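Asks: quick one, structure for this:
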Amino acid sequence: MGIINNSKTDPNKILPMRYMWARQHYKDGVSNNWTPEEISMQKDIEQWKDPAALTESERRLILWNLGFFSTAESLTANNIVLAVYNHVTNPEARQYLLRQAYEEAVHTDTFIYCCDSLGLNPDEIYTMYTTIPSIHEKDDFVVELTSSIFEPHFTTEGDENIRRFVRDLVGFYVIMEGVFFYAGFAMMLALKRQNKMIGVGEQFEYIMRDESLHLAFGCDLINTVIEETPSVWTTKFQSEIRDLISRSVELERKYAKDACPSGLLGINAEQFCDYVNYIADRRLERIGLKKLYNTENPFPWMSQSTDLNKEKNFFETRVTEYQVAGALEWD
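Replies: Predicted structure coming up:
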């Protein structure tokens, strides 16, 4: 019996549970519930309409990030619903996947809300994955990496097919959500620290908190598959995964320099690249692989930026508070 290929498991029977980590991730996700409309965008709208409030570089940074995330969240949701859920046979893990799919829908709705609030052209934002090379390359990299498990007759029977499935999990959980999202997070939260686009920045904080749970679940899922089928985790396959993550870092560094070529006040573009290196090492260690970069974290304030266990004045905005602070690692 295992988390995949368990024909004896009744997917409708969730008790008794075997993987309590999956249950805990589900409960943490429920505790972190939020919706984009709970966050005021009034100040953002005023700043966006004021030509003097934001530099052209800052406007470019905002558009690039909205353009990337608006399609990346949909790609991730489609992968969960159409691929991962189909091959994970354990009920409590599937319950979390349903929760994650809902959160991806909330994230997609967030970018609709941001675009509508700022009066942006949706045709421009939602086609940037085809018109901006650095965004297109990131999306294509993950899609090509994971396309084989969408074949109609694909199964996770046999070591090679399990490796293909693990590549998919690495592609979306470790690379897309664990590497490709983080330069954008750092950029938007750096803007927020300068009191610019506070509403968008706060939404990115909530998304980042959700993504930390997605990443934790994905790594637990990867590690469980490997633990239950150790024959797939060959030295050759480990080297392949390290190479894929290394390639993803190069794409994210390219995107960081493209989205924010001149940096922000007190932060240069190369620091965003260093942050990507630091993040990648954390991801490698999380699935039992050695570091590649040994780079120090240039943005220690990122952890502070996602401390969302806070109260708000009911007459200023709707109450938005995480019920559980959680022992999550933001970086």
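Asks: going by C-alpha atoms from here, please, whenever you check contacts or count neighbours.
Replies: OK.
Asks: how about the helices of the stretch 51-200 of the chain, start to end?
Replies: Using DSSP state H, counting those that start in this stretch, the helices of the stretch 51-200 of the chain run over residues 56-79, 85-87, 91-118, 122-125, 128-131, 133-146, 159-169, 182-193, 198-228.
Asks: run the angle between the last one and helix 56-79 for me.
Replies: With axes from the mean of the first three to the mean of the last three CA atoms, to 10 degrees applied, the angle from helix 198-228 to helix 56-79 works out at 40 degrees.
Asks: so which elements touch helix 198-228?
Replies: helix 20-31, helix 42-49, helix 91-118, helix 159-169, helix 182-193 (3 or more CA pairs under 8 Å, 6 or more residues apart in numbering; DSSP states H and E).
Asks: could I get these as JSON lines with mean pLDDT, mean neighbour count and distance to Asn65?
Replies: Conversion of the helices and strands packed on helix 198-228 to JSON lines gives the following (pLDDT from 0 to 100; neighbours: other CA atoms under 10 Å; distance: least, CA to CA, whole Å):
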{"stretch": "helix 20-31", "mean pLDDT": "96", "mean neighbour count": "18", "distance to Asn65": "24"}
{"stretch": "helix 42-49", "mean pLDDT": "98", "mean neighbour count": "16", "distance to Asn65": "15"}
{"stretch": "helix 91-118", "mean pLDDT": "96", "mean neighbour count": "20", "distance to Asn65": "10"}
{"stretch": "helix 159-169", "mean pLDDT": "96", "mean neighbour count": "20", "distance to Asn65": "23"}
{"stretch": "helix 182-193", "mean pLDDT": "94", "mean neighbour count": "22", "distance to Asn65": "6"}
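Asks: any chance of a markdown table for these, columns distance to Ile62?
Replies: A markdown table is the format used below for the helices and strands packed on helix 198-228 (distance: least, CA to CA, whole Å):
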| stretch | distance to Ile62 |
| --- | --- |
| helix 20-31 | 27 |
| helix 42-49 | 10 |
| helix 91-118 | 11 |
| helix 159-169 | 29 |
| helix 182-193 | 7 |
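Asks: nearest residue to Gly184 other than its sequence neighbours?
Replies: Nearest residue to Gly184, sequence neighbours excluded (CA to CA, 6 or more residues apart in numbering): Asn65, at 5.9 Å.
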